Every structure is written in C-alpha cells, then in structure tokens.
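>>> Return atomic coordinates for the entry below.
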Amino acid sequence: MLVLLTASTMAVSTANRGWQFENRPYSGPYHPNNQQTSNKIIVGDSYHWNFGFNYIDWAIKHGPFYVNDTLVFKYEPPTPKIFPHSVYLLPNLESFTKCDLKNAKMEGNTTQGAGEGFEFVLKTPGQPHYFACGERNGFHCLNGTMKFLVTPEFQYR
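As a prediction, this is how the structure comes out:
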C-alpha cells in the first residue's frame, strides 16, 4: 500500500511540473496584475482621470498593485470647455478622507496628463498611496469620485 501511495504522489507531482496557465508557468491565483514584471496601469482605463468616475471602485477591481507597478494618469489640459485636473499624493488616511490638500504633494499639474500622461511608480511596499484631484479647491475629491488609494505589495516568486 505504501509503495502504491508513493508512486501515485510522484506521478502527480511529475505530471504537474510543467503545467501552464495562459502560456505562463502556474504561480498561484490568477490576477491580471500577477506577473513577474512590473505593469503599466492606466488609471481609469479608457475613461482616464476625469470627473464623475469612481476611482475607488476602479482601484478595488484592479488590485492588487505591486511594487514597481506604474500608474499612468491621463487627462486633457484645461480649455474653456474642459475643467482642469491634477494629481496629488496625500500624506495619510485622514487627509484622504477629508480631501485636505494642505500637506499633499502635487505629483501631476494640470497639463502633465496630456498625451501619454504622466507616470507614478509605486515604490514603497505596504505603504498606502492616497491619490486625489486637487482642482477646484478639492471639489473633485470631495464629491468622492476623483480619489483612490493603493497599497503596493511585493511579488513573491
């Protein structure tokens, strides 16, 4: 009986050794951001960084995010018909919740999102990154849509 159990175990482990999922070696639960290389992720997908889109929901659906992933913020520069947008990195959860921009750092001004947008690389594992639009005295953040947070993780391989 012991010989049969040992032979079965070895056969299963040998059979699964080269098993692949979507043409890549199996590395745990599948997630679109679960790759060995860093990802470029367009914030808001095709909607980009615009008023009226729920970025908190977007971030939840696109997580987890990993160290060295690059967030790409794309938005049109202001014109008489287009409201300006910017990207601020807020220092903590309280300022994020209140959309308090006093101690926030501007990462992207109102013109940097044009064309290919500007890129923000997630560098600090385990530390939440709080993003918000700072235009119109924080109104775009205060209405609850133009803000989100991500906490990058290490990719264990």
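
>>> Spell out, range by range, the strands that occur in the protein.
Counting by DSSP state E, the chain has strands at residues 20-21, 24-25, 40-42, 70-73, 87-90, 105-108, 118-121, 129-132, 147-150.

>>> As a markdown table, these with distance to residue 156 would be great.
Any C-beta I mention is one placed from the backbone N, CA and C, and that applies to glycine too. Converted to a markdown table, the strands of the chain look like this (distance: least, CB to CB, whole Å):
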| stretch | distance to residue 156 |
| --- | --- |
| strand 20-21 | 17 |
| strand 24-25 | 14 |
| strand 40-42 | 20 |
| strand 70-73 | 20 |
| strand 87-90 | 26 |
| strand 105-108 | 28 |
| strand 118-121 | 20 |
| strand 129-132 | 20 |
| strand 147-150 | 18 |
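
>>> As CSV, the ones you listed with distance to residue 54, mean pLDDT and mean neighbour count would be great.
What follows is the strands of the chain, written out as CSV (distance: least, CB to CB, whole Å; pLDDT from 0 to 100; neighbours: other CB atoms under 10 Å):
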stretch, distance to residue 54, mean pLDDT, mean neighbour count
strand 20-21, 31, 36, 9
strand 24-25, 31, 40, 11
strand 40-42, 16, 96, 16
strand 70-73, 16, 98, 20
strand 87-90, 16, 97, 23
strand 105-108, 20, 97, 16
strand 118-121, 20, 96, 16
strand 129-132, 13, 98, 23
strand 147-150, 9, 97, 21
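
>>> of all these, which lies closest to residue 53?
strand 147-150 (10.1 Å; CB to CB).

>>> Could you check how many residues crowd around residue 117?
19 (other CB atoms under 10 Å).

>>> quick one: it from residue 103, how far?
25 Å (CB to CB, to the nearest Å).
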